[in-house]
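Novice: Build the 3D model from these lines:
(one chain, ligands or ions: 5)
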Amino acid sequence: MVAKISTAALLAGAITAVSAQTYQRLGTCPTLGCVLPPDQSDFLPGQFFDLRVEVHAPVNGSEAFNNGVPDEKFTVTIGKTGEEPKPITEFFEVDEPELEKWDFGWYEDLYAEDAKQKSVVNVASKIYRRIVLKEPGDYQVTLKYYDGETTVANWVVRDVRNKKKAKNIVFFIGDGMTTNMITAARLLGHESINGKFQSLLQLDQFPVLGHQMTHSIDSFITDSANSAAALYSGHKGTVNAMGVYVDSSKDAFDDPKVETIIELISRIWGSAWGAVTTATLADATPTALTAHTRSRGLYGPLIDQALNGMTNYTWTEREGPDVYFGGGAEQFYAGSASYQGKDYYEEFAKAGYSVSLNKTSLESLDVNKKALGVFCKGTMPVWIDRNIYPENLKTFKNDPVAGKEPALDLPGLKEMTVKAVEILHNRGGDKGFFLMSEAASIDKQMHAMDYDRALGDLLELDDTVAATIDKLEELGVLDETLIVVSADHGHGFDVYGNADTKYLADQKDDRSKRGAIGTYAKSGLSQYTSPAPGISYNTGANFPLNWTPRFTIAAGVVAHPDVREDYVISPTPRTPAVDGDGGNYANPKDSPNGFLVNGTLPVDEAQGVHSLTDVPVFAMGPCQNLFGGVYNNVDIFYKFAQCFGLGVPGEGNGDECKAKKPKRRSLRHHN
Ligand SMILES: *[C@@H]1O[C@H](CO)[C@@H](O)[C@H](O)[C@H]1NC(C)=O
Ligand SMILES: *[C@@H]1O[C@H](CO)[C@@H](O)[C@H](O)[C@H]1NC(C)=O
Ligand SMILES: *[C@@H]1O[C@H](CO)[C@@H](O)[C@H](O)[C@H]1NC(C)=O
Ligand SMILES: *[C@@H]1O[C@H](CO)[C@@H](O)[C@H](O)[C@H]1NC(C)=O
Ligand SMILES: [Zn+2]
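Specialist: Ligands and ions are numbered 1, 2, ... in the order given. Presented below is the predicted three-dimensional model:
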């Protein structure tokens with residue numbers, strides 16, 4: 001009895017002291033008993049997942065308990081609301097898994113980190129692998145431990161049925177793209193007369209607009225790994241994790257998994273699927289389609305997972321991608337960055353893929369075969385370097401064969417995506433296809449505060465969406481294809497006026513240079529849509545005619561290192577800050593005529609970071625109306641699932657894709 005009272009007191013104290021702040025013992029587990037998937041999880045009926053339970057016994061620190069001895073006799077039950085709960089093994093008809101034990105350490109706050117004093121926790125755990133809930137409804141999972149403690153997880157299996165309403169889905173992700181960036185890109189690429197645009201972005205012409213909340217499961221600022229996984233699986237996760245709920249064990253691959261849309265589509269319909277990205281193929285947004293790991297940086301293994309699936313923990317099998325186009329050759333050619341040093345061009349070829357390493361061979365790909373296209377090492381060069389400063393391409397050592405010579409025969413997002421649609425259309429046939437196409441460098445260039453390069457890639461995304469619509473129409477499947485354009489998270493970017501770059505350069509000190517910024521009435525009109533004397537870019541409609549006007553946009557982000565700002569496009573890719581004595585400082589070579597802006601981030605950051613903002617969702621095609629309104633990122637998955645018929649047999653009630661009503665927080669402790 002004494003133990004029980006002190007548990008409650010200790011737990012309550014711990015929660016107010018440190019839980020859910022800078023550092024967390026385990027983000028989804030404020031008590032000493034953890035159920036993963038945790039409270040508030042949603043599921044698609046028939047979606048496979050793993051269930052892990054952990055009992056924590058902190059050895060020391062503010063939560064020290066039971067001399068660091070975890071309860072090994074814990075029990076777990078599950079029951080549908082109104083029904084008698086049953087032990088997990090009985091309910092799911094699975095064997096009792098073995099008890100696992102480990103320990104881990106964590107810092108309770110920044111003082112503990114400064115003192116390098118980790119709190120140590122001993123853990124007892126079990127994991128029930130590849131289980132499934134087929135009946136829609138509310139469920140309660142109850143973990144009982146330490147002689148009277150309970151942790152309850154309320155789960156909802158949504159009422160999604162298997163009626164397929166769209167033949168194909170094309171999902172565009174502008175990584176890091178916000179409404180503010182779209183507004184700025186429109187100003188650069190489209191002419192306006194007396195306040196009225198004479199042409200619009202393709203995105204502006206979508207019939208339905210929604211708004212998604214991007215928060216992670218245990219932090220309000222997200223990264224591209226867990227936010228992409230939320231979009232693809234209907235389950236929120238932790239920063240750096242994809243397709244799993246993060247547990248506290250050391251193995252980055254043993255965490256409890258959830259089935260992704262790709263795995264579902266493959267298993268249920270046998271549809272074709274593909275990923276196109278301007279990032280490395282091993283980067284988070286493309287790999288989250290197939291990855292199950294807490295650690296997005298394990299690039300080599302993640303490419304192996306994309307091709308071969310999960311090989312070492314019980315899971316469902318699926319087909320490899322029908323189309324896989326992007327950068328990141330270092331994970332493909334044999335070498336230290338590829339999984340087990342293997343040649344993944346070889347591995348894909350052995351699995352029946354045609355492999356193309358440049359734009360010329362991309363264009364002549366056999367549309368009936370599975371296709372791998374890897375066009376360079378690292379992130380693909382951005383639209384501005386390919387179109388406005390092509391000389392820059394010659395300075396990169398990024399060829400796809402060995403990463404030593406410049407890659408010059410490069411496709412852009414548009415060429416990759418249009419080819420992908422052709423191949424997927426052929427290979428999917430009646431079964432349709434799912435394509436994810438990512439404009440990755442909107443995010444990457446926002447991180448680098450290279451706003452022109454970010455907006456160039458946003459305009460390229462818009463151009464790609466337009467070309468994709470044309471291609472789908474040509475193939476006769478536009479009406480049967482749901483097209484959704486969204487983002488995974490944002491950056492705190494906006495434009496607040498213009499900058500007279502000539503006047504700014506001529507002023508001698510930082511304070512007078514700021515006088516060159518024109519706000520409100522002084523912001524004038526866009527100078528990007530009038531041709532510059534003597535310069536002709538030949539980049540087509542919908543792109544700026546002049547990237548170096550005297551009056552540029554004055555733009556910035558809320559989160560940045562020390563930086564110099566002159567508002568002039570950087571002729572080479574921008575490096576805003578450089579490492580120096582005790583952290584990062586404004587790069588003295590960047591923005592030579594600019595003024596210093598001191599940073600808002602910890603000095604170990606050399607770039608900007610993501611921000612809180614909701615992001616837009618544009619939809620057209622079958623089920624477009626599901627995408628209006630404000631909802632969670634995970635809802636996108638359920639909307640796709642409803643439209644693609646990934647649920648269970650029967651008539652749905654039609655409410656399955658509405659955002660859940662906000663519920664009162666359920667009590668986690670019942671004493
Ligand atoms: C907990 O114990 C470990 C191992 O003895 C030690 O390194 C660590 O500093 C201790 N942490 C605290 C918060 O006392
Ligand atoms: C599981 O597979 C991954 C690759 O998918 C590999 O990196 C990891 O080492 C494997 N883990 C174990 C325990 O074998
Ligand atoms: C493009 O790739 C093909 C075969 O993959 C190769 O024969 C050709 O030389 C490459 N072209 C360039 C410009 O690298
Ligand atoms: C402002 O930035 C400059 C250049 O990076 C740096 O030298 C200076 O210490 C910074 N000032 C503050 C108050 O952080
Ligand atoms: Zn990012």
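Novice: List the buried residues of stretch 287-297.
Specialist: Neighbour-count burial for stretch 287-297, counted by 16 or more other C-beta atoms under 10 Å, picks out 287-296. Quick note: C-beta positions are derived from backbone N, CA and C, even for glycine.
Novice: Show me what the helix ranked longest in the chain is packed against.
Specialist: Across the chain, the helix with the greatest residue count (assigned by DSSP state H) is helix 451-474. For helix 451-474, the elements it packs on are strand 168-174, helix 179-189, helix 383-387, helix 413-428, strand 433-439, helix 441-447, strand 481-486, judged by 3 or more C-beta pairs under 8 Å, 6 or more residues apart in numbering; DSSP states H and E.
Novice: if we can go back for a sec, tell me the one among the buried residues of stretch 287-297 nearest to L365.
Specialist: Using C-beta to C-beta, L289 comes nearest to L365 of those, at 20.6 Å.
Novice: Could you check the pLDDT of the closest one?
Specialist: On pLDDT, L289 comes in at 98.
Novice: isn't E422 right next to L475, touching?
Specialist: Yes. With contact defined as C-beta atoms under 8 Å, E422 reaches L475; the gap is 7.5 Å.
Novice: start to end distance for stretch 88-100?
Specialist: 17 Å (C-alpha to C-alpha, to the nearest Å).
Novice: Rebuild the helices and strands packed on helix 451-474 as TSV, extending it with mean neighbour count.
Specialist: Formatted as TSV, the helices and strands packed on helix 451-474 follow (neighbours: other C-beta atoms under 10 Å):
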stretch	mean neighbour count
strand 168-174	26
helix 179-189	22
helix 383-387	23
helix 413-428	23
strand 433-439	29
helix 441-447	28
strand 481-486	24
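Novice: of all those, which lies closest to ligand 2?
Specialist: Ranking the helices and strands packed on helix 451-474 by distance to ligand 2, with C-beta to the nearest ligand atom as the measure, places strand 433-439 first at 20.7 Å.
Novice: Which strands border the closest one, and is each parallel or antiparallel?
Specialist: strand 168-174 (parallel), strand 272-280 (parallel) (DSSP bridges).
Novice: Now do the shortest one and helix 413-428, the angle between them.
Specialist: Orientation note: strand 168-174 sits at an angle of 160 degrees relative to helix 413-428 (axes from the mean of the first three to the mean of the last three C-alpha atoms, to 10 degrees).
Novice: Work out the gap between strand 168-174 and the centre of the chain.
Specialist: On the basis of C-alpha atoms, centre = their mean, to the nearest Å, strand 168-174 sits 13 Å off its chain's mean C-alpha point.
Novice: I'd like to check the angle between that strand and helix 179-189, please.
Specialist: 90 degrees.
Novice: picking that back up, could you tell me the angle between the longest helix of the chain and strand 481-486?
Specialist: 170 degrees.
Novice: mean confidence score for helix 451-474?
Specialist: 98.
Novice: try stretch 486-500
Specialist: So the average pLDDT for stretch 486-500 ends up being 98.
Novice: Equivalent analysis for stretch 358-366, please.
Specialist: 97.
Novice: That stretch close to ligand 3?
Specialist: Yes. Residues of stretch 358-366 contacting ligand 3 under C-beta under 6 Å from any ligand atom: 358, 360-361.
Novice: re earlier: nearest to C376, of the strands paired with strand 433-439?
Specialist: Per C-beta to C-beta, nearest to C376 of the strands paired with strand 433-439: strand 272-280, 9.2 Å.
Novice: helix/strand/coil for the closest residue to ligand 2 within the stretch 551-671 of the chain?
Specialist: Of all residues in the stretch 551-671 of the chain, F637 sits closest to ligand 2, at 23.2 Å by C-beta to the nearest ligand atom. The three-state label for F637, taken from DSSP: H, G, I helix; E, B strand; the rest coil, comes out as helix.
Novice: Skipping its backbone neighbours, what lies nearest it in space?
Specialist: G234 (3.7 Å; C-beta to C-beta, 6 or more residues apart in numbering).
Novice: residue contacts, that neighbour?
Specialist: 42-44, 47, 258, 634-635, 637-638, 641 (C-beta atoms under 8 Å, 6 or more residues apart in numbering).
Novice: So it versus ligand 3, what's the distance?
Specialist: 39 Å (C-beta to the nearest ligand atom, to the nearest Å).
Novice: Okay, that residue and E317: tell me how far apart.
Specialist: Per C-beta to C-beta, to the nearest Å, G234 is found 21 Å from E317.
Novice: Please name every helix or strand in contact with the host helix or strand of V76.
Specialist: Here V76 sits within strand 75-80, counting by DSSP states H and E. Other helices and strands packing on strand 75-80, by 3+ C-beta pairs under 8 Å, 6+ apart, are strand 86-87, helix 88-92, strand 137-145.
Novice: Contact partners for the residue in the stretch 101-250 of the chain that ligand 2 sits nearest to?
Specialist: Nearest to ligand 2 in the stretch 101-250 of the chain, going by C-beta to the nearest ligand atom, is K250, at a distance of 9.9 Å. By C-beta under 8 Å, 6+ apart, the contact set of K250 is 102, 104.
Novice: doesn't it fall inside a strand?
Specialist: No. The assignment for K250, made by three-state DSSP, is coil rather than a strand.
Novice: Neighbour-wise, give me the winner out of the contacts of G234.
Specialist: Counting neighbours by other C-beta atoms under 10 Å, the top entry in those is L44, with 29 neighbours.
Novice: how near is the closest residue to it other than its chain neighbours to ligand 4?
Specialist: Among residues not flanking L44 along the chain, A641 sits closest, at 5.2 Å (C-beta to C-beta, 6+ apart). Applying C-beta to the nearest ligand atom, the value for A641 to ligand 4 is 49 Å.
Novice: that's a strand at A641, yeah?
Specialist: No. Counting by three-state DSSP, A641 is not found in a strand; it is helix.
Novice: Do I have it right that it meets T260?
Specialist: No. Here A641 lies out of contact with T260, judged by C-beta under 8 Å, at a distance of 11.0 Å.
Novice: which residues touch the residue lying closest to E460 once chain neighbours are set aside?
Specialist: Nearest residue to E460, sequence neighbours excluded (C-beta to C-beta, 6+ apart): W383, at 4.2 Å. Listed by C-beta under 8 Å, 6+ apart, the contact set of W383 reads 412, 453, 456-457, 459-460.
Novice: Buried ones from these, can you make that a PyMOL selection?
Specialist: In PyMOL syntax, the buried subset of the contacts of W383 is picked out as below (16+ other C-beta under 10 Å):
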select buried, resi 412+453+456+457+459+460
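Novice: Let's have the contacts of W383 in CSV, adding distance to G534.
Specialist: Formatted as CSV, these follow (distance: C-beta to C-beta, whole Å):
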residue, distance to G534
G412, 26
R453, 23
G456, 21
D457, 26
L459, 23
E460, 25
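Novice: if we take the contacts of G234, which one ends up nearest to V156?
Specialist: D42 (5.0 Å).
Novice: Report the separation between that closest one and S219.
Specialist: 19 Å.
Novice: Over to T519?
Specialist: 34 Å.
Novice: now do E415
Specialist: 37 Å.
Novice: what do you get for E54?
Specialist: Taking C-beta to C-beta, one finds E54 at 20 Å from S219.
Novice: out of those two, which sits in the more crowded spot?
Specialist: It is E54, of E54 and S219, that has more neighbours when counted by other C-beta under 10 Å, with 27 against 15.
Novice: Dig out what the more buried one forms beta bridges with.
Specialist: The partner residues for E54, given DSSP bridges, come to C34, S125.
Novice: wouldn't it be in contact with R25 here?
Specialist: No. The criterion here is C-beta under 8 Å, and E54 misses it with R25 at 10.4 Å.
Novice: so what sits against both of these two?
Specialist: Common neighbours of E54 and R25 (C-beta under 8 Å, 6+ apart) are S248.
Novice: surely Q21 meets D109?
Specialist: Yes. At 7.0 Å, Q21 counts as touching D109 under the criterion of C-beta under 8 Å.
Novice: Name the residue in these two with the higher neighbour count.
Specialist: D109 (13 against 10).
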